[in-house]
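1. show me how the following folds:
(one chain, ligands or ions: 1)
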Amino acid sequence: MHDFHYHDNQLYCENVSLEEIAHKVGTPCYIYSHKTLVRHIRAFDQAFNAIPHTIAYAMKANSNIAILRLMAQEGSGADIVSGGELFRALEAGVPSQKIVFAGVGKSGDEIEQALKADILMFNVESAGELQLIHEVAGNMGVRARVALRINPDIDPKTHPYISTGLKKSKFGIGAERALEEFKTASELTHIEVVGVHCHIGSQLTELTPFTDALKKILALIETLKVQGINIRYLNIGGGLGITYSDEVPPHPKDLAAAISPLLQDLKCQLIMEPGRSIVGNAGVMMTRVLYNKDTEAKRFVVVDAAMNDLLRPSLYEAYHDIQHVRKPSSSRLKTVDIVGPICESGDFLAKERAVPETVSGDLLAVMSAGAYGFTMASNYNSRPRVPEVLIQDHEIHVIRTRETYADLIRGETIPAFLKKSTS
Ligand code: LLP
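-> Alright, predicted model coming up:
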C-alpha cells in the first residue's frame, strides 16, 4: 500500500514526521514517499516480467521532474499528452525511445517537437491528426511511427468524467472505422504503422473491462495481419484503480494474470501506461486548520488548502480520506464539511465527513493525493501553488518550492497606455 503510518500518535512518511515537514516547508504542501513510488513501479514491472513489455508512466498523474527521473531510473518511459509534458520528460532524462504521445489535439508544433526528439510513437486519435503527422513528417523528411488509438466502446464502470473508451467519448477511432484508418495509414509514405493503442478510462476497479477491450483489440490485430499490416506494439493504456476508501482494485499481478492467457500467441511488445496506480497512494496533501466555523446548518472546518490545490473533490466529488497528523486524544467524531478559503461553494475537500474534532492549528493529511493532485493545481484566487517534497527514509527533499507572489504575475505586463499612475 503506502508508507504513511502512525508512530507515537504522530503521522510519518517513511521516517519523517509530517509535523517536521510542516515546520520545514509550511502548509499546504504535497508529500511523496520514495519507498512507495519505487515499490509500486517495481510491482507493476515484475507482474509483467513474463511478457516483453514497456511501462510508459502516465505523467499527467504527477509530472514533477524528480518523480519522472525516479521512474526513468526504474526503467520506465512516459505517456505524454502535450509538448510541455515532452519537455519535462526529456529534462528529467526519460529516454525518447520510451515516450508515447496520446491526446486528441496535438498541434503541428507539438508533432514537430516530438519528431525532432524521435519519440517511440504517436498514439493517433483521428484521421485529421494522421494527415497532419504525415505532412509534418514529410516536411522534415522523416517517417513517423504511429499506433492508432482504438475506442473499443467498453464501459469501464468508473466516473463519467474519467471514462474514455465509450462510443460517445472524444477519444480514439471507433472500432468500426479502425480497419479503414489502418489501411490509409499504411499507405502514407511518411507514416510507419507500428501499433494499436487503447485506453478505456481511469480508476477501474474491475478486470472485465480490460479483458473485454483487449479481446476486441486482438481481433483487430488478426484482421490487420490478414491485410498485411503487422502490429509490433500493443498498448493497453493505464487505468488501474487504487483504494481511496473501501475499493478493492486488482493488483497489477491480477491484471497480468487476466491478460497473459490472451496474449500467448501474440508476437508484440506490450506497452502499459499506468499513472494513478503508481503515484496515487504514494502522496498526501497536508493542510492546516484555520477555523472551526459553526453555522445553524453545520460545522465548517476551514483549512488553508483549497480546490486550486486539490481539485478532485470539487470536480468529481472524489473521496479522499482525511487523517489527523497528530492523533487526537478523544475519539469523539463530528460530522463536518472541510472547506478551503476560495470564493466558491464548490471549494471543499470533504463533505458531511465524520472526523475527530479539530481545533485551529491542527494539521490534516489528505490521503491518496499523489495522482492528479499537484498536476491539476491552479493559481485561482491568486493562490501561489504549494511546494512538493519527496521523502526518502529520514530525508526531506524539496522537489518544488512554494510559488511566490512574484511568480503569480510573471509574464504579465501593463501596456504603455495604461501606465499612467493610479491615485
Ligand atoms: N493513458 C492515457 C491515454 C490516459 O488518458 C490516461 C489518463 C492514462 C494513461 C493514465 O490513467 P491512470 O493509470 O492514471 O488511471 N484527473 C482524473 C483522471 C484523468 C485520467 C486521464 N487519463 C482524476 O483525478 O481522477
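
2. quick one: Ile278 is in a helix?
-> Yes - assessed by DSSP: H, G, I helix; E, B strand; the rest coil, Ile278 belongs to a helix.

3. tell me which element the nearest residue to it once chain neighbours are set aside falls in.
-> Leaving aside its sequence neighbours, Ile278 sits nearest to His40 (C-beta to C-beta, 6 or more residues apart in numbering; 4.6 Å). (Each C-beta comes from the backbone N, C-alpha and C, glycine too.) With elements taken from DSSP states H and E, the one containing His40 is helix 34-47.

4. so which bits of the strand ranked longest in the chain are buried?
-> Longest strand in the chain, counting residues (DSSP state E): strand 283-294. For strand 283-294, a neighbour-count test (16 or more other C-beta atoms under 10 Å) marks Gly283, Val284, Met285, Met286, Thr287, Arg288, Val289, Asn292 as buried.

5. which residues does the fourth one form a beta bridge with?
-> With DSSP bridges applied, the residues forming beta bridges to Met286 are Cys29, Ala365.

6. surely it is in contact with Val325?
-> Yes - between Met286 and Val325 there is a contact at 6.9 Å, judged by C-beta atoms under 8 Å.

7. touching both of the two, which residues are there?
-> Leu18, Ala22, Leu363, Leu364, Ala365 (C-beta atoms under 8 Å, 6 or more residues apart in numbering).

8. pull the contacting residues for the last one.
-> Right, the one you point to is Ala365. Ala365 neighbours (C-beta under 8 Å, 6+ apart): Phe4, Leu11, Leu18, Ile31, Val284, Met285, Met286, Ile322, Gln323, His324, Val325.

9. not counting its neighbours along the chain, what's nearest the last one?
-> Which is Val325. Using C-beta to C-beta, 6+ apart, the closest residue to Val325 is Leu363 (3.6 Å).

10. confidence score at that neighbour?
-> The score at Leu363 is 98. That number is its pLDDT.

11. check Tyr161 too.
-> 68.

12. the helices in the protein, which residues?
-> Under the criterion DSSP state H, the chain contains helices at 18-25, 34-47, 65-73, 83-92, 108-117, 127-140, 175-187, 208-226, 252-263, 276-279, 312-316, 405-409.

13. dump the ones you listed into a markdown table; add mean pLDDT and mean neighbour count as well.
-> Formatted as a markdown table, those follow (pLDDT from 0 to 100; neighbours: other C-beta atoms under 10 Å):
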| stretch | mean pLDDT | mean neighbour count |
| --- | --- | --- |
| helix 18-25 | 98 | 17 |
| helix 34-47 | 98 | 19 |
| helix 65-73 | 98 | 20 |
| helix 83-92 | 98 | 18 |
| helix 108-117 | 98 | 17 |
| helix 127-140 | 98 | 18 |
| helix 175-187 | 94 | 16 |
| helix 208-226 | 95 | 17 |
| helix 252-263 | 96 | 17 |
| helix 276-279 | 98 | 29 |
| helix 312-316 | 97 | 18 |
| helix 405-409 | 98 | 11 |
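
14. ok, and the closest non-adjacent residue to whichever residue of the stretch 101-250 of the chain sits closest to the ligand?
-> For the stretch 101-250 of the chain, the residue closest to the ligand is Gly238, as judged by C-beta to the nearest ligand atom, at 2.7 Å. Once flanking residues are discounted, Gly238 sits nearest to Glu273: 4.0 Å by C-beta to C-beta, 6+ apart.

15. phi, psi for that neighbour please.
-> Dihedral pair for Glu273: phi -130, psi 60, per degrees, to the nearest 10.

16. which bits of the stretch 251-400 of the chain sit near the ligand?
-> Counting by C-beta under 6 Å from any ligand atom, the positions of the stretch 251-400 of the chain adjacent to the ligand are Glu273, Pro274, Gly275, Arg276, Ser277, Arg312, Ala371, Tyr372.

17. the ligand contacts on the stretch 101-250 of the chain?
-> Going by C-beta under 6 Å from any ligand atom, the residues of the stretch 101-250 of the chain near the ligand are Ala102, Ile162, His199, Ser202, Gln203, Gly237, Gly238, Gly239, Leu240.

18. and for the protein, the residue most distant from the center?
-> The centre of the chain is farthest from one residue, Ser423, which by C-alpha atoms, centre = their mean lies 47.1 Å away.

19. still on that earlier bit, hey, C-alpha coordinates of the helix holding His40 in PDB?
-> Taking Å, rounded to 0.1, in the frame of the first residue of the first chain, the C-alpha atoms of helix 34-47 are listed here in PDB:
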ATOM      1  CA  HIS A  34      10.100   7.500  -2.400                       C
ATOM      2  CA  LYS A  35       9.800   4.000  -1.000                       C
ATOM      3  CA  THR A  36       6.200   3.700  -2.000                       C
ATOM      4  CA  LEU A  37       6.900   5.000  -5.500                       C
ATOM      5  CA  VAL A  38       9.700   2.500  -6.000                       C
ATOM      6  CA  ARG A  39       7.600  -0.400  -4.700                       C
ATOM      7  CA  HIS A  40       4.700   0.500  -7.000                       C
ATOM      8  CA  ILE A  41       6.700   0.800 -10.200                       C
ATOM      9  CA  ARG A  42       8.600  -2.400  -9.500                       C
ATOM     10  CA  ALA A  43       5.400  -4.200  -8.600                       C
ATOM     11  CA  PHE A  44       4.000  -3.300 -12.000                       C
ATOM     12  CA  ASP A  45       7.100  -4.200 -13.800                       C
ATOM     13  CA  GLN A  46       7.600  -7.500 -12.000                       C
ATOM     14  CA  ALA A  47       3.900  -8.500 -12.500                       C
END
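
20. right, I'll leave it there.
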